[in-house]
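Chemist: quick one, fold the following:
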Amino acid sequence: MFNPTRLSTARKRRQLTKKHLAESAGISQLTLTRIESGQTADPGEETVSALAKALSYPVSFFYREDCEELPVEAVSFRSLSSLTARQRDAALSAGAIAHLLDDWITDRFNLPEPDLLDLRDEDPESAAIALRRHWGIGSKPIPHILKLLEAKGIRVFSLAENNKNVDAFSCWRNGVPYVFLNTFKSAERSRFDTAHELGHLVLHLHGGTSGREVEREADRFASAFLVPRDDFIANVPVVRSLQQLMACKHRWGVSLAAITRTAYDVGSLSEWHYREFCKQISYRGFRKNEPEPMRREESVLWKKVFGQLWKERLTKDHIAAELGIPVDEISALIEGILGGDQEKVKTFRSGAKLRSV
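Modeler: Residues are numbered from 1 along each chain as shown. A predicted model of the protein is given here:
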């Protein structure tokens, strides 16, 4: 039976209004509205084919059970205020597609179990220390935060939303935490976004909280998690130049602007020097183009999964066909965090068990 909620999901993923989709499919907007609302329970085969073609989705996608659409209140968006409704809905729909893919993989592999804490009663800095202690990493720098999160049971996917409004978002689903990253940003910004979303997962647990204060708390958590204050003070008791901070940013894997703010917050940098350094960072264009950029992190978990799947030489088309989704949706979710090793992404093995990740 035709599923109207899936039509809505596909339309939102393509960021099309009902008017534009109706025009592309050669039907009236009223007809489309009746189909999407479920008033027309069984649209004709020709109409469904026209809609599928306009959306570049397989016809089979529209005849399956409901996708688990994420409600806005269950998701933490990094910059919700700057998002258009269309961008927000496209990102939420990407989450629904990711859940289909994750369920397919989880049925075939033993993935790490979530190992997070409920830190809603802690302030952001204390929460960062508590989670670091729980994970046994003390105050040392985190060279690969993506690998760390994956090892702790967090599913990390990429977003192919080539715009700066969708930084990242996170959510919980059936006890499993998810983080979605926009790899359009610099490697340093992506690391901060990752830690920011981790903060939401442990501080807020997506209980309907939102607003600037919640985002500031996640920022404070990310800063303290990536650059522990005691480690910074021990290594950089006094800051004398921007060049000194340039070297520091490589130790902790954060942007020059972020490490400058940390230096000020812990008292290693005076207010006057902080303001002067911020002016230099802006004047030299370092806020838009990170100086001495680090290499972008790549997923370790998905590479291990796809390495197992490679042996049976099953393609992304195989998974797409099983799930009834377009191949480009799979690519959008994984290729942004898989780096350059794309040949192995093309083929998958069915039924393998991932015993060690």
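Chemist: going by C-alpha atoms from here, please, whenever you check contacts or count neighbours.
Modeler: Noted.
Chemist: can you pull out the helices in the stretch 201-350 of the chain?
Modeler: Under the criterion DSSP state H, counting those that start in this stretch, the stretch 201-350 of the chain contains helices at 212-226, 229-235, 242-252, 256-265, 271-283, 301-310, 316-323, 327-334.
Chemist: between those helices, which one is nearest to residue 133?
Modeler: helix 212-226 (10.8 Å; C-alpha to C-alpha).
Chemist: and that closest one, what's buried?
Modeler: 214-215, 217-226 (16 or more other C-alpha atoms under 10 Å).
Chemist: what residues go with each domain of this protein?
Modeler: Following automatic domain parsing, one gets these domains for the chain: 4-66, 74-226, 229-283, 301-348.
Chemist: where's the closest residue to residue 259 other than its chain neighbours relative to residue 237, distance?
Modeler: Nearest non-adjacent residue to residue 259, counting by C-alpha to C-alpha, 6 or more residues apart in numbering: residue 249, 6.0 Å away. For residue 249, the distance to residue 237 equals 15 Å [C-alpha to C-alpha, to the nearest Å].
Chemist: these two: which has the busier surroundings?
Modeler: residue 249 (21 against 14; other C-alpha atoms under 10 Å).
Chemist: secondary structure class for the spatially closest residue to residue 75 that is not a sequence neighbour?
Modeler: Nearest residue to residue 75, sequence neighbours excluded (C-alpha to C-alpha, 6+ apart): residue 171, at 5.1 Å. Secondary structure, DSSP: H, G, I helix; E, B strand; the rest coil: residue 171 is strand.
Chemist: skipping its backbone neighbours, what lies nearest the residue sitting nearest the centre point of the chain in space?
Modeler: Central residue of the chain (C-alpha atoms, centre = their mean): residue 180, 1.2 Å from the mean position. In space, and not counting its chain neighbours, residue 180 is closest to residue 157: 4.9 Å by C-alpha to C-alpha, 6+ apart.
Chemist: how many neighbours does the one you found have?
Modeler: So residue 157, with other C-alpha under 10 Å, has 26 neighbours.
Chemist: quick one, what contacts it?
Modeler: Applying C-alpha atoms under 8 Å, 6 or more residues apart in numbering, we find residue 157 in contact with 98, 178-181, 333-334, 337.
Chemist: could those go into CSV alongside pLDDT and distance to residue 243?
Modeler: Putting the contacts of residue 157 into CSV (pLDDT from 0 to 100; distance: C-alpha to C-alpha, whole Å) gives the following:
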residue, pLDDT, distance to residue 243
98, 95, 42
178, 95, 37
179, 95, 33
180, 93, 33
181, 91, 30
333, 93, 37
334, 91, 36
337, 90, 30
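Chemist: quick one: distance of stretch 17-25 to the chain centre.
Modeler: Relative to its chain's centre, stretch 17-25 lies at 29 Å (C-alpha atoms, centre = their mean, to the nearest Å).
Chemist: who touches it?
Modeler: If you take C-alpha under 8 Å, 6+ apart as the criterion, stretch 17-25 is touched by 11, 28-29, 32-33, 47, 50-51, 53-55.
Chemist: farthest-separated two in those residues?
Modeler: Greatest spatial distance among the contacts of stretch 17-25 (C-alpha to C-alpha): 33 and 53, at 17.7 Å.
Chemist: give me the more crowded residue out of the two.
Modeler: Neighbours per residue, other C-alpha under 10 Å: of residue 33 and residue 53, the larger number sits with residue 33, 17 against 14.
Chemist: do you know how far residue 147 is from residue 88?
Modeler: 27 Å.
Chemist: got the contact list for residue 170?
Modeler: Counted by C-alpha under 8 Å, 6+ apart, residue 170 has contacts 75-77, 177-180, 197-198, 200-201.
Chemist: which of those residues sit farthest apart?
Modeler: Pairwise distances among those were taken by C-alpha to C-alpha; the largest, 14.4 Å, belongs to 77 and 177.
Chemist: who's more crowded, these two?
Modeler: residue 77 (26 against 22).
Chemist: report how many residues lie close to residue 147.
Modeler: The tally of other residues near residue 147 (other C-alpha under 10 Å) stands at 18.
Chemist: re earlier: in a markdown table: the helices of the stretch 201-350 of the chain, plus distance to residue 111.
Modeler: Formatted as a markdown table, the helices of the stretch 201-350 of the chain follow (distance: least, C-alpha to C-alpha, whole Å):
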| stretch | distance to residue 111 |
| --- | --- |
| helix 212-226 | 24 |
| helix 229-235 | 32 |
| helix 242-252 | 28 |
| helix 256-265 | 33 |
| helix 271-283 | 42 |
| helix 301-310 | 8 |
| helix 316-323 | 18 |
| helix 327-334 | 16 |
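Chemist: pick out the shakiest of those, pLDDT-wise.
Modeler: When the helices of the stretch 201-350 of the chain are compared by mean pLDDT, helix 301-310 comes last with a mean of 84.
Chemist: summarise which helices and strands that helix is packed against.
Modeler: In terms of contacts (3 or more C-alpha pairs under 8 Å, 6 or more residues apart in numbering; DSSP states H and E), helix 301-310 is packed against helix 145-151, strand 347-348.
Chemist: at 6 Å what do you get?
Modeler: Contact analysis of helix 301-310 by 3 or more C-alpha pairs under 6 Å, 6 or more residues apart in numbering; DSSP states H and E lists strand 347-348 as its packing neighbours.
Chemist: where does the stretch 1-150 of the chain dip in pLDDT?
Modeler: Filtered on pLDDT under 70, the stretch 1-150 of the chain yields the residue ranges 74, 76, 78-82.
Chemist: perfect, that will be all.
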